[in-house]
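1. Structure of the sequence below:
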Amino acid sequence: MLTLSRSLFAVSLALSVISHGAPQLPEIAPDPESRLPVMGKYLSQDGDFYVCLSTGQWAANLDQAVAKAMDAVKVVVPEIEQENLQLISYFLTAFLRDSGVREFAGVGASSVTMAENMHQNRLFLQHPVGPPKGFLWEAFTAENRPFDWLQRLPANTVYARWAMVRPEPVWNWLKQVIDGCGRPDIVRGFHEGLEKGRKEEGVELDRWFASVTGGVGLVATLDPKRMIQLPAGGDQPIAFPAFAGALVVEVKDDTLFEFAERMIKKEGGEAKRIDKDGVRSYVFPEVEVAESEFFIQPSISRFGPYLVLSSSHELLATLAAGKGGLSGVPHFQRCQQTMPKQGFGFSYLSPVAVETVANALFAALATDEPEAAEMLRAAYRPFRGIYSWSVALRTPDGVAYVANQRFGTGQLFLSHHPTLQNTPILAGLLLPALTQARGKARRISDLSNLKQIGVGLVLYTNDHGETFPDDLGMLMAEGHLKHGRAYICPNSKTVPPTTAEELRAGRCDYLYFGKGQTMDDLGTEDPIACTKPGLFRGGYINVLYGDLHAQGFAKMPENVKKLIEAAEQKQQ
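-> Sure thing, here's the model as predicted:
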């Protein structure tokens, strides 16, 4: 199975490189002087940027290139791995033969200034005359059609993407090449895994992939009229617009919805079935986002030809009603100037998304690294106002991508790659998760500090007859734990101590209970040190015990609470 994983990785990497189109094309007069006359139908040499490349010879020689590469690798691969290398070669050869990669005859790009801060960037992938052959073309392109889904997008949409995804051709190809790989162990394991999933979990991949017949879409919204407070790890939360998102899959039947229904019933979850206005839904309980007092309500729904996973009932209702307001937003209308009105995919990125996410990230960074935040803010200024409206469409000669965007390809070539385009809004959607991850990382780092203190205590007791020190300052004074940051919680702004005196004076974020104790006095449930209360949101606290293991708690343990109260009474 390790070989299969490697092989599938190689195939998936090739798939991602070939199939992931960039946004960039409507009609331009043919260029009679072009060495690639087909390109002249779709690109222009009169703009700010123009490049074209014939790939016919390159594509025809792909098999030879792969064979040469495999021969070179074979020399350095141990004999025991030769069979695995042959399998990888088999998958790559089958991919090149069946995918349609060799159908590429040329690639070109151009950029034209349309208006102030608007450039039309185009990318064209040429194939030979006639319909292209190969499962990639079948799976990720389609005949042009009106963008009906646009009418469903709400006015506060900041990111939307619709892409043609038909997994069945890829899945059928994968099954075929696995069955013909000549490795009985892999073939048997593959089919046994499919059968096990079908019997035990009801996973029927053949039916799943056959059910997905159209596009897959993403929608994200921001509501500036409703601001929420996201924890940033410090004292000051970050103000961020309320957000919502949805994943949309175009399907031909209820296969996936019925599977979700079975899983919900099997798990005995709290999801409620709600059928209203032609929409069938399972709605889950509300979930708070990162201790922000902002709640999302996940649901899985079915209406028309769509299966929708949504974080908001309001967004779901707008999508289902088909009466969104994005088409009436002035900025979006401007983006659509001179653009195709149909195709097989589109992508929209609002400048509101980029600006909102950037400001939130700057604010989060400023709590701990104000200088770094200001440097990033200055670096970001030239890129303010980034936006994009791009369309993918089929032509008789190939696949074209056209985009109206803030920057031209010649100005900032990398900015128009879809992955980079998507990064700002995806970062915004992930900001709560990133904030949670940041908080978790700090709790883990704090736990690590306590473990370092535990090591220092062991070293001290070894030198002092198994007796613990009177205070943590003695660890620094005797060199058992010199590093000042080990005494500072990562969620604190306390200045790390450089001497034992500074540590004893209060530059320490940990309480110590070991004075007068010995190793024999304390056991696995006896606290010896802990994080000072209040440094983590929600009452979280890390505790070091007498056997020198450390553990985190969402709520302060009672024995720790009593030790803290006793210490406070002694100070009084």
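
2. domains in this structure, as residue ranges please.
-> Per automatic domain parsing, the structural domains of the chain span 1-151+390-412, 154-166+196-324, 442-571.

3. For the stretch 301-450 of the chain, just list every one of the strands.
-> Counting by DSSP state E, counting those that start in this stretch, the segments of the stretch 301-450 of the chain that form strands are 306-310, 342-343, 345-349, 388-395, 398-405.

4. Contact partners for L153?
-> L153 sits next to 160, 219, 319, 324, 326-327 when contact means CB atoms under 8 Å, 6 or more residues apart in numbering. All C-beta spots, glycine's among them, are computed from the backbone N, C-alpha and C.

5. Out of the strands of the stretch 301-450 of the chain, which is closest to T499?
-> The closest of those to T499 is strand 345-349. By CB to CB, the value is 53.0 Å.

6. Show me what counts as buried in the closest one.
-> Under the neighbour-count criterion of 16 or more other CB atoms under 10 Å, strand 345-349 has 345-349 buried.

7. Stretch 508-516 too?
-> Neighbour counts over stretch 508-516 (16+ other CB under 10 Å) mark 508-514 as buried.

8. neighbours of E168, just the number please.
-> By other CB atoms under 10 Å, 18 other residues sit near E168.

9. Over to the nearest residue to G197 once chain neighbours are set aside. Which of the three states is it?
-> Leaving out its chain neighbours, the residue that sits closest to G197 by CB to CB, 6 or more residues apart in numbering is V203, at 3.9 Å. With DSSP: H, G, I helix; E, B strand; the rest coil as the basis, V203 sits in coil.

10. if we can go back for a sec, quick one: which of the buried residues of stretch 508-516 is nearest D48?
-> Of all the buried residues of stretch 508-516, D509 has the smallest distance to D48: 55.8 Å, by CB to CB.

11. Closest to R280 out of the buried residues of stretch 508-516?
-> Using CB to CB, the buried residues of stretch 508-516 come closest to R280 at D509, 52.5 Å.

12. ok so V249 is a strand residue?
-> Yes. Assigned with three-state DSSP, V249 falls within a strand.

13. Next, count neighbours for it.
-> If you count neighbours by other CB under 10 Å, V249 ends up with 18.

14. One more: V73?
-> V73 is flanked by 13 other residues according to other CB under 10 Å.

15. what does stretch 556-567 contact?
-> Against stretch 556-567 from outside (CB under 8 Å, 6+ apart): 511, 513, 525-527, 530, 533, 539, 541, 543.

16. what lines up beside the longest strand along the chain in the sheet?
-> Selection of the longest strand in the chain by residue count, based on DSSP state E, yields strand 212-230. Strand pairing for strand 212-230, using DSSP bridges, gives strand 157-164 (antiparallel), strand 238-251 (antiparallel).

17. Please, which helix or strand holds W173?
-> helix 167-179 (DSSP states H and E).

18. Send over that helix as PDB, restricted to the C-alpha atoms.
-> The C-alpha trace of helix 167-179 is given here as PDB (Å, rounded to 0.1, in the frame of the first residue of the first chain):
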ATOM      1  CA  PRO A 167     -15.000  12.800 -10.500                       C
ATOM      2  CA  GLU A 168     -16.400   9.700 -12.300                       C
ATOM      3  CA  PRO A 169     -14.000   9.800 -15.300                       C
ATOM      4  CA  VAL A 170     -11.000  10.000 -13.000                       C
ATOM      5  CA  TRP A 171     -12.400   7.300 -10.700                       C
ATOM      6  CA  ASN A 172     -13.100   5.000 -13.600                       C
ATOM      7  CA  TRP A 173      -9.600   5.500 -14.900                       C
ATOM      8  CA  LEU A 174      -8.000   4.900 -11.600                       C
ATOM      9  CA  LYS A 175      -9.900   1.600 -11.100                       C
ATOM     10  CA  GLN A 176      -8.900   0.500 -14.600                       C
ATOM     11  CA  VAL A 177      -5.200   1.200 -14.100                       C
ATOM     12  CA  ILE A 178      -5.100  -0.400 -10.700                       C
ATOM     13  CA  ASP A 179      -6.800  -3.600 -12.000                       C
END
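
19. elements contacting the helix or strand where K68 lies?
-> Using DSSP H and E, K68 sits in helix 62-76. When contacts are defined as 3 or more CB pairs under 8 Å, 6 or more residues apart in numbering; DSSP states H and E, helix 62-76 packs onto helix 82-98.

20. quick one: the most far-flung residue of the chain relative to its centre from I296, how far?
-> Distance to the chain centre peaks in the chain at G465, reaching 53.4 Å (criterion: CA atoms, centre = their mean). According to CB to CB, to the nearest Å, G465 and I296 sit 57 Å apart.

21. what pLDDT does the residue nearest to G197 get?
-> At V203, the model reports a pLDDT of 90.

22. My read is that it contacts E195, right?
-> No. Checked against CB atoms under 8 Å, the pair V203 and E195 is beyond contact range at 10.2 Å.

23. Could you count how many residues lie near the residue nearest to E478 when sequence neighbours are not counted?
-> Distances taken as CB to CB, 6+ apart place Y460 nearest to E478, at 6.7 Å, with adjacent residues excluded. Per other CB under 10 Å, the neighbour tally for Y460 reads 20.
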